[in-house]
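Engineer: Here is the input, now give the coordinates:
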Amino acid sequence: MTRILIADDHDIVRDGLRSLLETRADWTVVAEACNGQEALELATAMRPDVVILDYAMPVMNGIEVARQLKARRVRAEVLVFTMHDDDRVIREALQAGVRGYLLKADARRHLVEAVETLAQHEAYISGKISGALLDVVLDDRSRAGSPLSARERTIVQLIAEGRTNKEICPILQISIKTVETHRASALKKLGAKTTADLIRYAIRNHMIEI
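Structural biologist: Numbering: from 1, shown residues only. Have a look, this model is predicted:
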């Protein structure tokens, strides 16, 4: 039995994915998450075989969840499910250890194939982005990662979502001083001066949806 976790912040999307996946008698959806932090916690606890992650989720985006799963040695195969096909997002996914990448426009035709491929521990890349993926692999710039740490990226995303330092504390279970330290470090690394600069960075890098 292949155990699957679905993470997307839209109920209708999760319902649609579940309907497609449960056409297979040997597959079961063991959990659903509506934000990145919940996806990370559920995947760590439930240890599914395949985790389907929407890229743009509140609190923590799908690629950040994939990074954290790898750091926690959760062996699930990850399928990033997104509308984005630009090389920066693909590059980040590869660097995070993601082996599955599916465009939302391809879901109805290719979701089952993608999950089946990952369940066999083989990589699956949506056909429409294979050319972009090749460019990334061949581009020496693909070796350059984000200047921010995992925690800094999460805090920048939360700030861009409109959360105050005080609101971030209970979400990440850290002190306000720690939040301020990470925020200051992110500003310095990005050469930014204001919260507005952080928000612009998050938007440019598809960390939030607008």
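Engineer: does the residue of the chain positioned farthest from its centre count as helix, strand or coil?
Structural biologist: Largest separation from the mean C-alpha position in the chain: Ala25, at 27.4 Å (C-alpha atoms, centre = their mean). Judged by DSSP: H, G, I helix; E, B strand; the rest coil, the three-state class of Ala25 is coil.
Engineer: any idea how far it is from Leu102?
Structural biologist: 22 Å (C-beta to C-beta, to the nearest Å). Every residue, glycine included, has its C-beta placed from N, CA and C.
Engineer: quick one: the residue farthest from the centre of the chain and Met1, what's the gap?
Structural biologist: Per C-beta to C-beta, Ala25 is found 9 Å from Met1.
Engineer: Give me the pLDDT value at Glu152.
Structural biologist: Model confidence at Glu152, expressed as pLDDT, equals 91.
Engineer: Would you check that it makes contact with Ala186?
Structural biologist: Yes. Assessed by C-beta atoms under 8 Å, Glu152 is found in contact with Ala186 at 4.4 Å.
Engineer: Once you drop chain neighbours, what's closest to the most centrally placed residue in the chain?
Structural biologist: Centroid check for the chain by C-alpha atoms, centre = their mean gives Gly62 as the closest residue, at 1.0 Å. Once flanking residues are discounted, Gly62 sits nearest to Leu53: 3.4 Å by C-beta to C-beta, 6 or more residues apart in numbering.
Engineer: Give me the mean pLDDT for the helix or strand encompassing the one you found.
Structural biologist: Using DSSP states H and E, Leu53 falls within strand 50-54. What strand 50-54 shows for mean pLDDT is 96.
Engineer: Partner strands of that strand and their direction?
Structural biologist: With DSSP bridges as the test, strand 50-54 is paired with strand 2-7 (parallel), strand 77-82 (parallel).
Engineer: Can you name the residues in contact with it?
Structural biologist: 2-10, 13, 17, 36, 39, 43, 62-63, 65-66, 69, 76-82, 100, 115, 118-119 (C-beta atoms under 8 Å, 6 or more residues apart in numbering).
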